[in-house]
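Asker: Below are the sequence and a predicted model for it; my questions follow.
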Amino acid sequence: MADKTVLSLDNPVFTAFLFYSTLVILKMMSMSLFTAFHRMTKNVFANEEDCRSASKPGKKLQPVLNNADVERVRRCHLNDLENITAFVLIGLLYTLTGPDVQMALLHFRIFAGCRIAHTFFYLFAIPQPTRALAFLGGFIVTISMAVNIFKVATF
Ligand SMILES: N[C@@H](CCC(=O)N[C@@H](CS)C(=O)NCC(=O)O)C(=O)O
């Protein structure tokens, strides 16, 4: 059973986990705002009712499901969901194992940095392999935390 002080604000690994998890979750949530920005500035709506409320007299909008800018942000958002959800879950379990503070900070910081970089590379269509490397960095961090969990959680 985990030491009960592990989930305490006196534990620097736990506070770092709170900080970096919240940071990447907010980053992920910001994708919704970027999507909304593109929809509103380009009049690109996916639903009939959205089109009706945005239509002007003489200019009836039709649903659009394939706008390149909107779809790019949505793919970025989906990629965040695939990776950030796993980080938060595995990261919490990893924190419960009582890892070394410097190692934990290294994991959390590399992950956050990679995900911010991934978003930048994706939204600004920076040539590959930049985005692939940013994805891989974050992915390796999550796998590394999982390996550390298995090291102490074997039965
Ligand atoms: N679900 C991802 C799995 C692989 C992945 O995450 N690749 C990274 C690096 S190339 C990525 O940014 N994929 C683009 C995406 O998910 O839209 C995909 O379909 O590509």
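Answerer: Perfect, I can see it now.

Asker: low-scoring pLDDT stretches of the chain, where are they?
Answerer: Of all residues in the chain, those with pLDDT under 70 make up the ranges 1-4.

Asker: how about the residues of it near the ligand?
Answerer: Selection of the chain residues close to the ligand by Cβ under 6 Å from any ligand atom yields Arg75, Asn79, Glu82, Arg131, Ala132, Phe135. Heads up, the C-betas are built off the backbone N, CA and C, glycines and all.

Asker: Present those as CSV; the columns should include neighbour count.
Answerer: Formatted as CSV, the residues of the chain next to the ligand follow (neighbours: other Cβ atoms under 10 Å):
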residue, neighbour count
Arg75, 12
Asn79, 19
Glu82, 11
Arg131, 21
Ala132, 11
Phe135, 20
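
Asker: In helices, which of these appear?
Answerer: In helices, judged by DSSP state H, the following of the residues of the chain next to the ligand are found: Arg75, Asn79, Glu82, Arg131, Ala132, Phe135.

Asker: and Leu92, helix, strand or coil?
Answerer: Here Leu92 takes the helix state, with states given by DSSP: H, G, I helix; E, B strand; the rest coil.

Asker: Quick one: residues contacting it.
Answerer: Phe17, Ser21 (Cβ atoms under 8 Å, 6 or more residues apart in numbering).

Asker: repeat that with 10 Å
Answerer: Neighbouring residues of Leu92 by Cβ atoms under 10 Å, 6 or more residues apart in numbering: Leu7, Phe14, Phe17, Leu18, Ser21, Met145.

Asker: Redo those as JSON lines? Include neighbour count.
Answerer: Shown next, in JSON lines, are those (neighbours: other Cβ under 10 Å):
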{"residue": "Leu7", "neighbour count": "13"}
{"residue": "Phe14", "neighbour count": "19"}
{"residue": "Phe17", "neighbour count": "23"}
{"residue": "Leu18", "neighbour count": "14"}
{"residue": "Ser21", "neighbour count": "20"}
{"residue": "Met145", "neighbour count": "25"}
